[in-house]
Structure formats: structure tokens, C-alpha cells
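1. structural data only, the sequence is not supplied:
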């Protein structure tokens, strides 16, 4: 750690150690804090779009219901610009501080407060977008102090200064990296003053970082500095401390503070399992609201997300007086886009498992949900056969045993922090006779939707897997419109997944005309190209004896996939709909090395484009888990979720 400027204590003879002031060059966590000027053109375009969209929102609701930015002034202040907005620079108790004004402030003067690293990955971490949406933005520099009591005292003085100038009583706290300690520590002592905490790869337990007492790298220098700042007598006292973010959540839950975290699943500096995952698990048990956006394959850097709109919408929807304004954004999809980021990596499960007939005879057990989560997956796509297994009666009621098994599967997923997509997988029963099966199809959706109406937002519905055969574009459109209307009667806020006819082929996306009035929809496609490679040796496709096809990852082979995915992405951007790659995989008869190369390339390409994906499938065929050995097919699992066990 490079030396930091210090100042004399302001608390008299009983003062704590001197408090570092400015955030100068660092050698520890988040040392490279000024990358925003080197962002890629594509990243810049995404940020510019977010700012445009949110600026449009301000013109829609702010200009009509808003008010001029507050009249701010401090003694001996200086004024400059910060990301195009007017900034007031001043000092509070000897600490450098500033407040940035929006062009037009929202009613009530809402504001965000970056606790640390205000100039790190700034546009990716939502502050300029919040300014464009009518929020003030603030910061006070208390140095590398880890949210210690002296830092909290300065935060209190800063907050009081802003209250005398008319800013809202409740702030949105932004805790980037170690800033998570600052945000949660202040919030735990001032819960009535906080509406939202946005943590970005946040440190939630200093034993993890900088202590390095878990699987993370730690930082001995910062650990020594923390012990000094907190005035711990020794390391044992620090390890016994019960004021870390993971320890103070009950206070925040009682105050109904909403939490949103953005994390890289491959973060080996602030490991998710030791930080955000603990907060998420404990906060949900306390009844608190938390959303976690996962970035598959991403480490500690870069912070934020290319388009921070999901974070901004979350903040708006939990800011007193502003709830509901997020839905007016021209980009739409206030629910669907965050959902796709939460889904991340997934796997298809239990479609043909014997458990649907008799749970005791099934291969898939409770432990497998845990194994899936521990292996690095975020969701499961549960392949349901309501006609085959649910056997709806004349009134559309499904067998109680089917619903009991469905509840078991949902409970198993949610308990293990896996989201779940209920995929209506009876396409082989419906596609040969869609007209004849329509009544049972719609009746079973009526029953399913009503049965699951109280399930949390982590449960999604997929209307029908791979419509094909005797369907037509027109018939399929009629099918899913009617099913969606049924779902919306009991599940008005449920995220619903819909794919094109036939076979959920990406080549037919243009025929999928989703209603503009419903922005909580996700478009799904399946990808098995090149088909002679992915389906070699499959008896049901006529490829049984056609084996020996390899995928070497040549430039031509990679470009073919890139071009296909670019086509999908173009549709997504044109229609502002998120993409779920619901199935992809290569059959076991293919060479393992080729399958690993192909699977790796497809998964990483999808992630780079911001899609969620579900691998086909857990076990059965195309497998990633070998039931006979009760273990992963490790090369395939590693291709899907690198870095996990």
C-alpha cells in the first residue's frame, strides 16, 4: 500500500488513529481505478444508449413532475464538471467532498452516494445514468479506512451537511469493492437514512478480504491497515468482530432496505461464496429484498455492467416517491433484462427421470440441486410434461402427484439458490396434433399458473418447448398468445419465456412478434450447429452411423457461430428483448476434445453477448453429469463453468 496523506484527529484527546484522506495510488484491491477512458467502442455505445434512454425517461417524468436541481452552495467551494454535470467541491471535517447536480432533479431530491472509488468504472456503475435520471450524486473521501468508526463519524457529518441543503432523507449507497464495508457499516448505524444499497463486487466480510481467511487472495498490507483503523488489539479480536456486512443484515431487513449486487462469478479477490452469496442467503431468510446480477466468467474487474440500466431501474423502483417510473423507459423490459442476468448459467434437468412416476425410484435426488449450484450454475430448466405426467382431467386439473413432484423440484432449486424455468416440454405430444391438443394445453397452463402464482420471481414460465411438425407460424402465434393471456390472469408479473416456430430456431426469430405492451418476456432460441457434428451418432435423427465429425475451432468454424449469434443479437437489439439460449450441446458419440472446444466457444460467446443459457442436459444424453458414477463429466463441466470444482 502506498503512503496516504493523513490529517490530525478531530476528536480530542481520546481520538483514534489519524484518518487517511485522499485516495491516492493503490497497490491493493482495485488498484487500476481509472479504466473508463479506455472502454471499447461497443461498451461506449452501450453506455451512451443507457444515458439516452434514461435521459428520455427524465424528460418524460422529470420535466413534467420534476423540479430544478437544488440550490447548493458550501463555504469556500469550487465548481467544476463531472461527466458533463455541475459539481460542487468542498470540505467536511477536513475531508474532501463533492456533490454533483442533475440537469433536472426528480421530486424530493433523491441522491446516490458512492462510498469509495467514485472514479472507478464510473459509467458502468450507474452514477452518470442516475444523474441523467434526476438523482444528485455525492462522495466524501475518507481514505483507505474500511468503514471503521472514525470513517462512519465523517459520513455522519457529510450526511448532515447534505440534509441542510434539501437532499432526500434516504440515500442510495454505492459500495464498490471494499466500499461495500463502508456502505453496510454506515447503513447498519443509520438504517432509517438508506433506501437502497448497490454493492458491486462488494466486500461483505473483511475476514475474506483483506484478511484472506477463506479462498480469496487477501492483502496482508491492507489487513494490517484495517486492524489499525479499527483499533483492534490483535487479529483474534478482528476475527471475533460481529459488525461485518454479513452480520448486520437483520437491522437492514427491518428497515426494508433494498439490496442489489453485481458480481463476477470468477472473482478470486472477493469470492462470491464468502461475500455476496452469504448476504443473499441470509437476507432472504430475514425477509429482505435482494437482487443479484451475476457476470459468468468475470473476475473482480471490470466492475459494473456495460449497460447499467437494470441497476438504475432497481434504484428508481425502491426510491420513495419514484416507484413505477422505471417502466416508462423506451428500452422497456424493466423485469426481463435483470432476470436474464440473474439466470446466468443453467442446465436442463429431469425431463425423462422416473421420479415423475415415483419419486422413490427417480435418479435425481435432493443432493443434485446442491451439486448443480456448487458446480457454478445459477438456474435449472425443469423439463415438464404436463400432458404425459400431469394427465389433466376434463376440468383441466392435474394429478396431485405431478404437482407434488413439481413443488419438490421448485423447493429444491430455490433452497439451493437456483432460479428455475418451468419448461412445458410436451412438444412431442402436441406438435403432431396442435389443434386437437390445444384445449388440454391451455387447461394445463391454467392449472400450472394458478398453482405457482405465489412462487417468487426466481421462477419463470416457458410456454412450450420447440413447437414444430404441424404447427405453423400463425397457429403457434395463436397458441402462445392465448397461453400468455391465461398466465397473466394469475401471474401478472411473472417473467415468461417464448421461442419461435419451428424448433426454437434462431433463423425464425423475425416471425416472433412479441407484444410491445408486455416487456416481461424473454426470447429463447436453441443452438445445435453444425448439426452433423452435434448430433453425430444419434439414432433418432438418422445420424446413427455418421460419426467421426470433429470441431477443431478453426477460424471458419468460429466465424460461423459468431455470425449466427450476431444475427440473434441484432434481433435482440432491434426489439429490445433479452435472449435465453435454452438448449445447446453435443452428443456423446462425438470426440470429447471437439465437444469441449465447441461447448466452451458457444458458452463464452453467449455470455459475451449478455445472454443466459441452459445446457442440454444434466443426465440422460448430451450429459454433463454421470449418474452411474455420481460425478461430473469434468471436461464438459469445466467447459461450461470454468474455475469451479
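-> Yep, that arrived. All figures in this text were calculated on a predicted structure; none of them were measured in a lab. Residues are numbered from 1 along each chain as shown.
2. CA only for contacts and neighbour counts going forward, please
-> Will do.
3. residue 597: how many residues sit nearby?
-> Applying other CA atoms under 10 Å, we find 17 residues neighbouring residue 597.
4. which residues touch residue 540?
-> Residues counted as contacts of residue 540 (CA atoms under 8 Å, 6 or more residues apart in numbering): none.
5. how close does it sit to residue 239?
-> According to CA to CA, to the nearest Å, residue 540 and residue 239 sit 59 Å apart.
6. can you give me the neighbour number for the residue lying closest to residue 219 once chain neighbours are set aside?
-> Of all residues not flanking residue 219 in the chain, residue 210 sits nearest, at 4.8 Å (CA to CA, 6 or more residues apart in numbering). Counted with other CA under 10 Å, residues neighbouring residue 210 total 26.
7. can you check residue 200 too?
-> When counting by other CA under 10 Å, one arrives at 27 neighbours for residue 200.
8. pLDDT score for it?
-> According to the prediction, residue 200 has pLDDT 98.
9. again with residue 397
-> At residue 397, the predicted lDDT confidence score is 91.
10. got the contact list for it?
-> Taking CA under 8 Å, 6+ apart, we find residue 397 in contact with 443, 444, 447.
11. now, these that are in helices?
-> Among the contacts of residue 397, the members found in helices (DSSP state H) are 443, 444, 447.
12. quick check: the second one touching residue 398?
-> Yes: using CA atoms under 8 Å, residue 444 is in contact with residue 398, at 6.9 Å.
13. between the two, which contacts overlap?
-> Common neighbours of residue 444 and residue 398, counting by CA under 8 Å, 6+ apart, are 386, 392.
14. coming back round to it: can you redo the ones in helices among the contacts of residue 397 as CSV with neighbour count and pLDDT?
-> Shown next, in CSV, are these (neighbours: other CA atoms under 10 Å; pLDDT from 0 to 100):
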residue, neighbour count, pLDDT
443, 19, 96
444, 24, 96
447, 19, 96
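15. helix or strand with the lowest mean pLDDT in the protein?
-> Every helix and strand in the chain was compared by mean pLDDT, DSSP states H and E; the lowest is helix 63-65, with a mean of 37.
16. so what's residue 98 closest to, chain neighbours aside?
-> Looking at residue 98 with CA to CA, 6+ apart, the closest residue is residue 89, at 4.4 Å.
17. in which helix or strand does the one you found reside?
-> Using DSSP states H and E, residue 89 sits in strand 85-92.
18. so for that strand, mean pLDDT?
-> The average of the pLDDT scores along strand 85-92 is 97.
19. toward the C-terminus, what is the element adjacent to that strand?
-> Next along from strand 85-92, by DSSP H and E: strand 95-100.
20. give me the contacts around that next one.
-> Residues outside strand 95-100 that contact it (CA under 8 Å, 6+ apart) are 21-22, 82, 85-91, 136-142, 154.
21. buried residues in it?
-> Neighbour counts over strand 95-100 (16 or more other CA atoms under 10 Å) mark 95, 97, 98, 99, 100 as buried.
22. against residue 362, how distant is the third one?
-> It stands for residue 98. Residue 98 is 61 Å from residue 362, by CA to CA.
23. and the first one, by the same measure?
-> From residue 95 over to residue 362 the distance is 63 Å, taken as CA to CA.
24. likewise residue 300?
-> Remark: distance between residue 300 and residue 362 (CA to CA) = 40 Å.
25. out of the two, which sits in the more crowded spot?
-> Each of residue 300 and residue 362 has its neighbours counted (other CA under 10 Å); residue 300 has more, 21 against 14.
26. and for the nearest residue to residue 615 once chain neighbours are set aside, the neighbour number?
-> The shortest distance from residue 615 to any non-neighbouring residue, by CA to CA, 6+ apart, is to residue 347 (4.6 Å). Other residues near residue 347 come to 25 when the count uses other CA under 10 Å.
27. surely residue 347 is in a strand?
-> Yes: according to DSSP: H, G, I helix; E, B strand; the rest coil, the state of residue 347 is that of a strand.
28. correct me, but it touches residue 618?
-> Yes: using CA under 8 Å, residue 347 is in contact with residue 618, at 6.0 Å.
29. tell me how many other residues surround residue 423.
-> By other CA under 10 Å, 23 other residues sit near residue 423.
30. can you classify it as helix, strand or coil?
-> Secondary structure state of residue 423, per three-state DSSP, is strand.
31. what are the ranges of the strands in the stretch 201-350 of the chain?
-> Using DSSP state E, counting those that start in this stretch, the strands of the stretch 201-350 of the chain run over residues 258-264, 290-295, 345-349.
32. elements contacting the second one?
-> Right, strand 290-295. strand 258-264, helix 276-285, helix 336-343 (3 or more CA pairs under 8 Å, 6 or more residues apart in numbering; DSSP states H and E).
33. at 6 Å what do you get?
-> When contacts are defined as 3 or more CA pairs under 6 Å, 6 or more residues apart in numbering; DSSP states H and E, strand 290-295 packs onto strand 258-264, helix 336-343.
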